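Q: can't give you the sequence, but here's the structure:
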């Protein structure tokens, strides 16, 4: 396609015609020439907004774009309503690829009853692969908003599902040929399937109903980055037992293969929580088949410690995600 705005006929055929799900709250939505969306909520409800780009994946970029945005809204205790998309495309892309991305986006939206309300689609020389930036819109009752900043000393620190599952799935899909040199296809396929667990909306709803104090979805920078951000936002210290952090064997082995740290690998699908009684939340999650574990405690002061048997290390501010090291190495080899 040519550089510039996507042609109107392509916009109608491959973007707007792929959008089917609708919400009554959305009064103004996606159409040719429309730059804004409008959402109405009741007097006792608040709008919650989030924004995130997808830059590290190609194959399932549409699905990931929606999953990550819904997870952001869920971590605030909000019910997702809609999304607005900015899609930037390289010049060499074919229209069929755009249509496939939109079909992925719409399928992910339908699963959680979210509407694509509008956005912008453009072909540009500044990207060499598709980039999707998503603004999410949700609603929450007044008094029910959950913040990353409300963890208090003495609270349990919980992690749902397993860390690194998003990064593991991306690597298994994007680097399958490399992984085949060392792993069985069955093993790689199991890692690919980790994308089935990327939504944290179910555990967020359960935790919000069980009195969770703070939630933070584990994304770029992995669990180490998320722990730091939770502690920094809340002004607390942490003591975390590394051996209690739930992690899949596939994640461990694939990270060893690429020489990266699984605890600093992008981890959508895992929710970090703080609560006065973490075990109550765990029991409720397990009733719905959602794995979770208490991994440590919130402390007064600023020490943020991860213990490994008799040793300990101090957490540091989030660094570049480990996923990008693998992607960058592949890009350099291709030059």
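A: Received, thanks. Note that the coordinates shown come from a computational prediction; the quantities given were computed from them, not determined experimentally.
Q: low-scoring stretches of the stretch 151-300 of the chain, by residue?
A: Within the stretch 151-300 of the chain, no stretch falls below the threshold (pLDDT under 70).
Q: try it again with 90
A: Within the stretch 151-300 of the chain, the ranges that satisfy pLDDT under 90 run 220.
Q: For it, which segments count as strands?
A: Defined through DSSP state E, counting those that start in this stretch, the strands belonging to the stretch 151-300 of the chain, from first to last, are 156-160, 214-217, 237-241, 271-275, 292-299.
Q: Nearest to residue 321, out of those?
A: Of all the strands of the stretch 151-300 of the chain, the one in closest proximity to residue 321, counting by C-beta to C-beta, is strand 214-217 (14.1 Å). Where C-beta positions appear, they are placed from N, C-alpha and C, glycine not excepted.
Q: Contacts for the closest one, please.
A: Residues external to strand 214-217 that are found in contact with it (C-beta atoms under 8 Å, 6 or more residues apart in numbering): 68, 71-72, 74-77, 146-151, 155, 200, 204, 207-208, 226, 229-230, 233-234, 268, 270-274.
Q: Can you flag the buried ones in those?
A: 68, 71-72, 74-77, 146, 148, 150-151, 155, 200, 204, 207-208, 226, 229-230, 234, 268, 270-274 (16 or more other C-beta atoms under 10 Å).
Q: which SSE is residue 36 in?
A: For residue 36, there is no host helix or strand (DSSP states H and E).
Q: ok, it to residue 258 distance?
A: As judged by C-beta to C-beta, to the nearest Å, residue 36 and residue 258 stand 43 Å apart.
Q: more crowded one of these two?
A: The residue with more neighbours, out of residue 36 and residue 258 and counting by other C-beta atoms under 10 Å, is residue 258; that gives 17 against 9.
Q: was I right about that one contacting residue 324?
A: No. The criterion here is C-beta atoms under 8 Å, and residue 258 misses it with residue 324 at 11.6 Å.
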